[in-house]
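Novice: Kindly return the folded structure for what I paste below:
(one chain, ligands or ions: 2)
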Amino acid sequence: MEKLSNADLIINPDGSIYHLNLLPEDIADTVITVGDPDRVAEVSKHFDHIELKKGKREFITHTGSVGKNRVTVISTGIGTDNIDIVFNELDALVNIDFKERTVNKELKSLNIIRIGTSGAVQPDIPMGTILASSYGLGFDALMHYYEQQPSDNEQALLNQINQHFSHIEGINPYLTQASEDLLKQFAHDLPTGITATAPGFYAPQGRQVRAKNTVNNFIGQLNSFKSANDRITNLEMETAGIYALAKTLGHKALSINAILASRVKFEFSSNPNAIVEKAIQMTLERI
Ligand SMILES: O=P(O)(O)O[C@H]1O[C@H](CO)[C@@H](O)[C@H]1O
Ligand SMILES: O=c1cc[nH]c(=O)[nH]1
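Specialist: Residues are numbered from 1 along each chain as shown. Ligands and ions are numbered 1, 2, ... in the order given. You can find the predicted model right below:
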């Protein structure tokens with residue numbers, strides 16, 4: 001079996017993976033990802049027991065238990081460039097033999113749930129809503145570097161989306177569906193919709209402060225997309241990369257969004273922590 005080189009798979013002298021600073025035994029099969037490193041403790045404060053706290057850069061990890069379930073919570077930082085690092089390294093921890101530098105014969109599939117913050121682009125989704133992403137729609141470039149095999153359903157929906165956005169130069173989105181199993185377990189009673197993942201917070205999410213935007217009324221262009229059963233509900237910066245890389249690597253993923261902003265009503269929450277806390281409690285109760 002082909003060995004992975006020292007430059008492709010970087011293992012620290014203590015046997016941990018390069019950026020996450022974790023050993024294979026440090027992570028559970030259920031992994032919660034959050035963007036903000038400070039949110040890791042906000043999740044693990046609800047654990048019945050914490051067995052491990054580690055970190056490096058923006059990647060903070062706590063592993064512990066919720067009832068009988070072992071759970072890891074890890075921060076990704078902001079953006080799909082960080083998702084590239086976190087997901088490849090989480091996968092390496094469970095699917096690569098670090099001593100032999102070879103891929104394991106039997107591959108493990110993790111259950112990965114993001115608890116993130118997001119802005120709504122539809123007028124009927126108010127601030128404070130907890131919403132699950134039925135699909136992740138990536139306006140960033142991450143997945144153009146990986147081979148993908150969209151399902152017929154994903155390809156058909158992406159074709160309609162491409163047509164809708166065809167007049168905007170330089171946009172070439174990718175689309176991946178949520179894990180149906182995780183949707184059933186965590187989000188059967190939540191509103192759902194397509195989550196658009198942007199490669200930035202300001203102009204890439206239609207915000208204008210001082211620098212001038214090239215795309216006019218991006219929010220209007222997002223919320224006017226309609227197919228038979230699907231519409232774009234919200235904007236953030238990681239979900240599409242998470243769904244696409246998880247699928248590529250054989251893991252299940254679901255994104256739970258705490259809606260902090262209504263982009264159509266020009267509102268941003270004055271108490272974002274309360275909305276995030278609601279999303280955390282709801283997710284942990286369903287593990
Ligand atoms: O609160 P998190 O999980 O970081 O998610 C959202 O908040 C950040 C921007 O403020 C981006 O990472 C976006 O995806
Ligand atoms: O509007 C928002 C709110 C949170 N996170 C984002 O990326 N966008």
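
Novice: got a list of what the closest residue in space to Val264 that isn't next to it in sequence touches?
Specialist: Sequence neighbours aside, Pro123 is the residue nearest to Val264 in space, at 4.9 Å (criterion: C-beta to C-beta, 6 or more residues apart in numbering). Placement of C-beta: from N, CA and C, glycine included. By C-beta atoms under 8 Å, 6 or more residues apart in numbering, the residues touching Pro123 are 223, 262, 264-265.

Novice: How about Phe266?
Specialist: Residues near Phe266 by C-beta under 8 Å, 6+ apart: none.

Novice: now do Leu131
Specialist: Counted by C-beta under 8 Å, 6+ apart, Leu131 has contacts 118, 120, 125, 190-193, 233-234, 256-257, 259.

Novice: let's see 6 Å
Specialist: Listed by C-beta atoms under 6 Å, 6 or more residues apart in numbering, the contact partners of Leu131 are 191, 257, 259.

Novice: ok so, going back, assign the residue nearest to Val264 to helix, strand or coil.
Specialist: Classification of Pro123 using DSSP: H, G, I helix; E, B strand; the rest coil returns coil.

Novice: for Gly119, same thing?
Specialist: Note that with three-state DSSP, the state of Gly119 is strand.

Novice: how far away is it from Asp29?
Specialist: From Gly119 across to Asp29, the span is 31 Å (C-beta to C-beta, to the nearest Å).

Novice: neighbours of Pro191, just the number please.
Specialist: 18 (other C-beta atoms under 10 Å).

Novice: same deal with His144?
Specialist: 10.

Novice: Let me know the next secondary structure element after the helix or strand that contains Asn159.
Specialist: Per DSSP states H and E, Asn159 falls inside helix 152-164. Using DSSP H and E, the helix or strand that follows helix 152-164 in sequence is strand 174-177.

Novice: Let's check: the centremost residue of the protein is which one?
Specialist: Residue closest to the mean C-alpha point of the chain, counted by C-alpha atoms, centre = their mean, is Thr239 at 3.4 Å.

Novice: wait, doesn't that residue sit right on Gly136?
Specialist: Yes. Assessed by C-beta atoms under 6 Å, Thr239 is found in contact with Gly136 at 4.1 Å.

Novice: Show me what from this structure comes close to ligand 1.
Specialist: Counting by C-beta under 6 Å from any ligand atom, the chain comes close to ligand 1 at 34-36, 78, 116-117, 201, 236-238.

Novice: Please indicate which of those residues are buried?
Specialist: Among the residues of the chain next to ligand 1, those buried by neighbour count (16 or more other C-beta atoms under 10 Å) are 34-36, 78, 116-117, 236-238.

Novice: which residues of the stretch 1-150 of the chain fall in helices?
Specialist: Taking DSSP state H, counting those that start in this stretch as the criterion, the stretch 1-150 of the chain carries its helices at 39-44, 80-95.
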